[in-house]
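**Q** Need a 3D model of the following:
(3 chains)
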Amino acid sequence: MITIPIQIPKHFSFGENLWFLSREDGDRSAYQAGSISRAIRVDGEAVSFTLTEKGQYLQIELMDEHNVPQVVSTVKAYIEDWFDIKRNIEPFYRLLEAHPGPSYMVTDFNGLRVMGNPDTFETLVWSITSQQINMTFAIKLKRALCEKYGESVEHHGRQLPLFPLSKTLAELEVKDLQELQFSRQKATYIISAATAFADGTLSKEKLMVLSSQERIDTLTALKGVGIWTANAVMMQSLNDPSGLPLGDTGLLKALLQHGLIIDKKDTTGITTLFRQFDGWQSYLFNYLWRSLSGPRDR
DNA sequence: AACCAGGTTATGC
DNA sequence: GCATAACATGGT
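**A** Got it, this is the predicted structure:
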């Protein structure tokens, strides 16, 4: 076993991040007190790691067999991207403090990062899955999908699931996903999205070189991917600051609760507010989402 | 027991 | 264009 340290930046709370992440994570990660384990693919090969907070460092533990420079740097980059570690979020807090309604979040959610998901295929399938239904059910669907179609790897005596490969999902029949309680339409959408990723028509690399508008056009060209889903993918996986699923019902609820809008049709109010958070829109968005989950036990 | 959940599409005016 | 039904199940 080898360990790699990552320096913890200012305004970073491992506990807050893990707590928020664990809600929609399904069984993708294993949580122990103060640490998280997960398996990802690096160049097609399954690599598992454990991340633990140790003083001023996050410590990555990898199996000896993965002690290859290329693998180590990919895992490190994955984690830095996942936890948005390299960003100094101080400016965001200065902006938040200027708004009496949500300013309490600077203290209550201090150190919460916008948790991205570097795996774009997984993010897309998750976004389609979670359309319209409540989170409890959406997580149940994701868990069923991972258990049934994602292989798992052993890591310190426990099984860590990998998200299913696009190739695997592309070969499914609609009824296979219906059996897991996906709606017939979502089953169709997911299989065709998986096909696009499996045959290389679509990939993170291809999306990354496009402009924001081209990304929207490309993603919404997929059946089952509307403006909300396209923006969710851009926000969660492409690190695109313009990727904001502004029609989101959870967001609207949070905006109402904080008195930031007076009714859900107040689109100009929403636009105006987000314009004030230039460069930090996705942080505002995610902190508002976070507020819906209420306080965390400490 | 309705009605809404971190929406999208198909259909009808 | 804009309104409405259908989709799947869980929570309130």
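**Q** switch to C-alpha atoms for all contacts and neighbour counts from now on
**A** OK.
**Q** Please identify the residues of the stretch 51-200 of chain A in proximity to DNA strand C?
**A** A:132, A:133, A:134, A:136, A:137, A:178, A:181, A:182, A:183, A:184, A:185, A:186 (Cα under 7 Å from any atom of the strand).
**Q** ok, now with 6 Å
**A** A:132, A:133, A:134, A:136, A:137, A:181, A:182, A:183, A:184, A:185 (Cα under 6 Å from any atom of the strand).
**Q** For DNA strand B, see how far away the third one is.
**A** Residue A:134 is 4 Å from DNA strand B, where distance means Cα to the nearest atom of the strand, to the nearest Å.
**Q** What's the local residue count around that residue?
**A** Neighbourhood size, residue A:134 [other Cα atoms under 10 Å]: 9.
**Q** got it, and the fifth one?
**A** Residues lying near residue A:137 (other Cα under 10 Å) number 13.
**Q** Could you list which residues are in contact with it?
**A** Residues near residue A:137 by Cα atoms under 8 Å, 6 or more residues apart in numbering: none.
**Q** Tell me which helix or strand it sits in.
**A** According to DSSP states H and E, residue A:137 maps onto helix A:135-149.
**Q** Let me see the mean pLDDT of that helix.
**A** For helix A:135-149, mean pLDDT rounds to 96.
**Q** can you check stretch A:53-73 too?
**A** Here the average pLDDT along stretch A:53-73 is 95.
**Q** And that stretch, what's buried?
**A** For stretch A:53-73, the neighbour count (16 or more other Cα atoms under 10 Å) marks A:53, A:58, A:59, A:60, A:61, A:62, A:66, A:71, A:72 as buried.
**Q** Which members of the residues you listed occur in strands, if any?
**A** A:53, A:58, A:59, A:60, A:61, A:62 (DSSP state E).
**Q** related to what we said a few turns ago, filter the buried residues of stretch A:53-73 down to the ones close to DNA strand B.
**A** Near DNA strand B, by the rule Cα under 6 Å from any atom of the strand, you find none of the buried residues of stretch A:53-73.
**Q** Of all the residues in the stretch 1-150 of chain A, which one is nearest DNA strand B?
**A** residue A:132 (3.2 Å; Cα to the nearest atom of the strand).
**Q** So that residue versus residue A:244, what's the distance?
**A** Using Cα to Cα, to the nearest Å, residue A:132 is found at 17 Å from residue A:244.
**Q** Which of these two has more residues huddled nearby?
**A** The neighbour comparison of residue A:132 against residue A:244 (other Cα under 10 Å) goes to residue A:244, with 22 against 10.
**Q** quick check, the more buried one in a helix?
**A** No - Residue A:244 sits outside any helix when classified using DSSP: H, G, I helix; E, B strand; the rest coil, being coil.
**Q** Leaving out chain neighbours, which residue sits closest to it?
**A** Of all residues not flanking residue A:244 in the chain, residue A:231 sits nearest, at 5.2 Å (Cα to Cα, 6 or more residues apart in numbering).
**Q** thought the one you found was touching residue A:239?
**A** No - contact criterion Cα atoms under 8 Å: residue A:231 and residue A:239 do not qualify, at 10.6 Å.
**Q** Quick one: end-to-end length of stretch A:35-52, please.
**A** Taking Cα to Cα, stretch A:35-52 runs 4 Å from one end to the other.
**Q** Now do the buried residues in that stretch.
**A** Buried positions in stretch A:35-52, judged by neighbour count with 16+ other Cα under 10 Å: A:35-41, A:47-52.
**Q** outside of that stretch, which residues touch it?
**A** With Cα under 8 Å, 6+ apart, stretch A:35-52 has contacts from A:18, A:28-31, A:34, A:53, A:58-63, A:66, A:71, A:74-75, A:153, A:155, A:160-162.
**Q** Hmm, residue A:82 is touching residue A:119, no?
**A** No - Residue A:82 is not in contact with residue A:119 according to Cα under 8 Å; the separation is 9.6 Å.
**Q** anything in contact with each of these two?
**A** The contact lists of residue A:82 and residue A:119 share no entry, where a contact means Cα under 8 Å, 6+ apart.
**Q** Does the strand or helix carrying residue A:251 pack against any helices or strands, and if so which?
**A** Per DSSP H and E, residue A:251 falls inside helix A:249-257. In this structure, helix A:249-257 packs against helix A:281-291, with contacts taken as 3 or more Cα pairs under 8 Å, 6 or more residues apart in numbering; DSSP states H and E.
**Q** Fine by me, we can end here.
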